[in-house]
Each structure stands twice: as structure tokens, then as C-alpha cells.
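> how would this look folded up:
(2 chains)
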Amino acid sequence: MRGQSEFVFPGDEIGIIEELLSGEGTYEEDGVVRAAVVGTTFVDMIYRKGNVITNRRPGFTALKKAKFVYFQVEQVKEDSAVGTIIGIEDRPVSSHLSAYIHISQIVNRRVERITDYLKPGDVVKAKPLGFTLPVPLTIKQPDLGVVLAKCSICGGDMVQIDEEHLRCTVCKNVETRKLPEARRRGS
Amino acid sequence: MLAAQQRPRLIDERGLRTDGRRPDELRPIRIELGVLKNADGSAIFEMGNTKVIAAVYGPKEMHPRHMALPDRTVLRVRYHMTPFSTDERKNPAPSRREIELSKVIREALESAILTELFPRATIDVFMEVLQADAGTRLVSLMAASMALADAGIPMRDLIAGVAVGKADEVLVLDLNEAEDMWGGADMPIAMMPSLNKVVLFQLNGTMTPEELRQALELAKKGIAEIYQLEKKAIKEKFVEVS
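Numbering: from 1, shown residues only, chains lettered A, B, ... in the order given. Coordinates of the predicted model:
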């Protein structure tokens, strides 16, 4: 079995299956756990897992360590809002990456219609729940929700008037959204 | 040009080849990773006068979506020779040969990459031959393998490969252009050395069973040498970053 923080290449043996399970950045073949990426070893003796730690996250694997993403709603269906991830944390996404928010992942109470919380065109700060395509997202947490919205009647800019209402700056139309909790003063 | 068309002596009286190498000697190798800014991973692989640049993009969402596979990543591989890579201008349109080599390289890479980790996604691999002097398929494959390692895409092993051939009835390692054109056989082999698995194996020309066995042993020796050079190049790049 390998020691900690050893530099390894794909194919290098980390351990055998009797001593370690295959963790992050590794795979198992014929009873041998091997490195799958270039990186340094981390042998987790609590969970008995062999990992290879790397800072390279190509393509959409950048989602793995992301705390939040920016998601643009394209269509609202009966049970979910579907659209595109336009930014992973503060970095823009180079290729198209589709995602969805299920009706159960909007707020912690019964949702009659998704359009009471999200509308097409909204830019939403959300958190990924998985790494399969399309990417499942949640906005249940208080710091997540719509960060940019346009009026559904005239397309004008909306401004927040209270915890869940926005008013159009052009036609004064008032709409509801799931909005992120206002930041505490001073933070 | 016509004078060069006459068959040269491939092995001289001292037992050396047209470029002065011994029969079991590789050409000089230079590997550099991370040469392109926009790609997720990239590499230049030079083996003697053969030079190939490779770039990797992804994993990313597959478009059109009906082409995506539900259980694994789709690999899209393009092997291409630049018009200036040969002594006479090569038409840049993909030829039958390039399409076939793209397929052969794709199948070799598919056996190395852990494609099942990214279902419904795609990985694009591009290889451009900058200068051709025999062995471009293997150098392209190794350049792609280095670019994948640079990107951080999970793989079973790095790929190393070398051609073995016959020049004037002598088994020679890592053919050059003259040996490729005038030699008796050309057998490119690529392997995943740590796993001792072959990912690409072709043979042009004829060999006796005994010659084939010897050729395989010679190739394995060359592959082991290249594998060490690949690891060295990766280590240099990764240590520089961290």
C-alpha cells in the first residue's frame, strides 16, 4: 500500500482491494486499486479508501467543488424548471451545460405552481445536487434564489420590495419570486 | 526527388541505420504539456522529426443530444495532418487514411479512458501532425494521452507506443521515413505499460512467428523507455504548477 502524499501517475498501484476501496481519482481492476489521474495520494484509513487528489477539473467536473452556480431558467414545466448553467461560482461556462430545478427543491413548503417562484429568463443562484447531465440543482437554502429577473409583462427591470416580491421599474407590475435572504447588515 | 526514390541501404556495414542509430535505439523524444491556453489539456510530442500537437476539450454536454450514450462518454477523435507536415503539400481535407487512423486512435483511447464516469457527455480530442516522418499514428496517440493526463481526465494508464519493423531483414525499433518506405515490415504497437495491455496493434508487411515474438519483445523494451520519459514530462509540468 502507498504512503500519504506520494506523487502518482495513472496506472500506478495504490493498494489492493483487501486493504483499500477505490475512492476519488482511482479505479479498481482485477483486485488492484490504481490511480486514474496525476496527483498526490491520500489514503483514508477511517473509511479505508485510496484517493488521488488533483487540482485539475476539466469541463463540467468543475461543478464538483463548486459552492454555487448561476443558472438561467429557459422553460418552466409542471414539475421542474429547466435551463442552462451560465457560470460556475464566478467563472463563466464555455460550453452549454443543461440543468434543472425540481419542484421539491424550491422551498420547504408545498408549491402550487413553479411560476410563483421562478419564471423563464430569471438568473438564479443555485447549488448543484449531483454531477450527472442534466445537472440537478436546489435553491432551498436561504442564501439561494433569483438574483436577476425581468418583468413578465413588459420585460423591464425588477427591483425587490420585500422578502418575496419584486416590482417592475417600468410598468409597476408586482410579481413573486424565491429570493435569496437579504445579507445581514455589515456583511 | 527522383534520385531519392531509389532504394537506399538501410543498414550499413557497421550495423547502423540511415540516421546513425543502432537497430534497438529510439529517436530523440521531447514532450511538453499544457502548450495551449484554451484547451482543457494539451501536449506536444516530438519523436525525431515527427511532431504532433494534441488538444483535449471536455467532458462536456453532447450535442446533438440524441448522439449521447446513456452509460458512458462519447469520444470524438480527429487525427489530421497539416498541409505543411509532408514534403509535398497535403490536401487539408480529411483523407480516407486520416479517417481510419482517427478511428483506430479513438478505439485505443476508449480502452484507456474511464468513459463510464461521465454518462451522456463527450470528450473531444484533436491531434494535428505538424511534421510527418513515420510513426505519426503512435506519436499522435501518445500526444493525446499526454493531453488527457494534462486535462486531468481519469484514465486506466498512460499510453506508450512504438513501431518495430524490418530493414534489410534486421528488426529495427522506431522506424524512420526511409525504413517505413523501403523496409520489409512495419508493426506499430501501443500499450498501457502498467497494466501490460495492448491498445493498438497493426502490421504491414510480413513477419515469421519467430520474428513477431522478437519484435514484440523489442517493442516492449522501447515502450518501457518511452513510458519513463512520459512520466518525467508530466512530473515536470505538475511540479512547476504546484
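> residue of chain A nearest chain B, please.
residue A:56 (2.6 Å; Cβ to the nearest Cβ). In this view, the C-beta of every residue, glycine as well, is placed from N, C-alpha and C.
> with adjacent residues omitted, what lies nearest to that residue?
Leaving aside its sequence neighbours, residue A:56 sits nearest to residue B:152 (Cβ to Cβ, 6 or more residues apart in numbering or on different chains; 2.6 Å).
> name the residues of chain B found near chain A, please.
Within chain B, the positions near chain A by Cβ under 8 Å from any Cβ of the partner chain are B:40-41, B:56-61, B:63, B:68, B:114, B:118-121, B:123, B:149-158, B:192-195, B:231, B:234-235, B:238-239, B:241-242.
> okay, now whichever residue of chain B sits closest to chain A: neighbour count?
Going by Cβ to the nearest Cβ, chain A is nearest to residue B:152 of chain B, at 2.6 Å. Applying other Cβ atoms under 10 Å in any protein chain shown, we find 22 residues neighbouring residue B:152.
> enumerate the residues of chain A near chain B.
A:7, A:9-13, A:25, A:27, A:29, A:34, A:36-38, A:54-61, A:95-98, A:132-133.
> can you pull up the most central residue in chain A?
Closest to where the C-alpha atoms of chain A average out (Cα atoms, centre = their mean) is residue A:128, at 2.2 Å.
> repeat for chain B
Nearest to the mean C-alpha position of chain B, counting by Cα atoms, centre = their mean, stands residue B:138 at 1.9 Å.
> where does that one fall, phi/psi-wise?
Main-chain torsions, residue B:138, degrees, to the nearest 10: phi -70, psi -40.
> flag every buried residue along the biggest helix by length in chain B.
The longest helix of chain B (DSSP state H) is helix B:209-241. For helix B:209-241, a neighbour-count test (16 or more other Cβ atoms under 10 Å in any protein chain shown) marks B:211-212, B:215, B:218-220, B:222-223, B:225-227, B:229-231, B:233-234, B:237-238 as buried.
> can you give the distance of it from its chain's centre?
Offset of helix B:209-241 from its chain centre (Cα atoms, centre = their mean, to the nearest Å): 12 Å.
> helices or strands next to it in the packing?
Counting contacts by 3 or more Cβ pairs under 8 Å, 6 or more residues apart in numbering or on different chains; DSSP states H and E, helix B:209-241 packs against strand A:7-8, strand B:29-33, helix B:136-151, strand B:160-167, strand B:170-173, strand B:185-192.
> give me that answer again for 6 Å
strand B:29-33, strand B:160-167, strand B:170-173, strand B:185-192 (3 or more Cβ pairs under 6 Å, 6 or more residues apart in numbering or on different chains; DSSP states H and E).
> angle of the last one against helix B:136-151?
On the basis of axes from the mean of the first three to the mean of the last three Cα atoms, to 10 degrees, strand B:185-192 is oriented at 10 degrees to helix B:136-151.
> report the angle between strand B:185-192 and helix B:209-241.
Going by the same axes, to 10 degrees, strand B:185-192 is angled at 40 degrees with respect to helix B:209-241.
> and the next element down the chain from strand B:185-192?
strand B:197-201 (DSSP states H and E).
> compute the inter-axis angle for that following strand and helix B:136-151.
Using the same axes, to 10 degrees: strand B:197-201 against helix B:136-151 is 140 degrees.
> tell me the mean pLDDT over strand B:197-201?
Predicted confidence along strand B:197-201 averages 98 (mean pLDDT).
> swap in stretch B:35-46?
97.
> return the set of buried residues in that stretch.
Residues of stretch B:35-46 classed as buried by neighbour count (16+ other Cβ under 10 Å): B:36, B:39-46.
> how long is stretch A:87-103 from one end to the other?
In stretch A:87-103, first residue to last residue: 22 Å (Cα to Cα, to the nearest Å).
> from the buried residues of stretch B:35-46, which single one is nearest residue A:69?
residue B:40 (18.3 Å; Cβ to Cβ).
> just to revisit the earlier point, you'd agree the residue nearest to residue A:56 is up against residue A:36?
No. Judged on Cβ atoms under 6 Å, residue B:152 makes no contact with residue A:36 at a distance of 9.6 Å.
> single out the most deeply packed of the helices and strands packed on helix B:209-241.
Mean neighbours per residue, mean count of other Cβ atoms under 10 Å in any protein chain shown, is largest over the helices and strands packed on helix B:209-241 for strand B:160-167, with a mean of 26.
> for residue A:47, what are its contacts?
The contact partners of residue A:47, by Cβ atoms under 6 Å, 6 or more residues apart in numbering or on different chains, come to none.
> and what about it, helix, strand or coil?
Following DSSP: H, G, I helix; E, B strand; the rest coil, the label given to residue A:47 is coil.
> how near is it to residue A:118?
38 Å (Cβ to Cβ, to the nearest Å).
> residue A:54 now?
From residue A:54 to residue A:118 the distance is 35 Å (Cβ to Cβ).
> more neighbours, the two?
Neighbour comparison, residue A:54 and residue A:118: the larger count goes to residue A:118, with 26 against 19 (by other Cβ under 10 Å).
> no further queries at this time; thank you.
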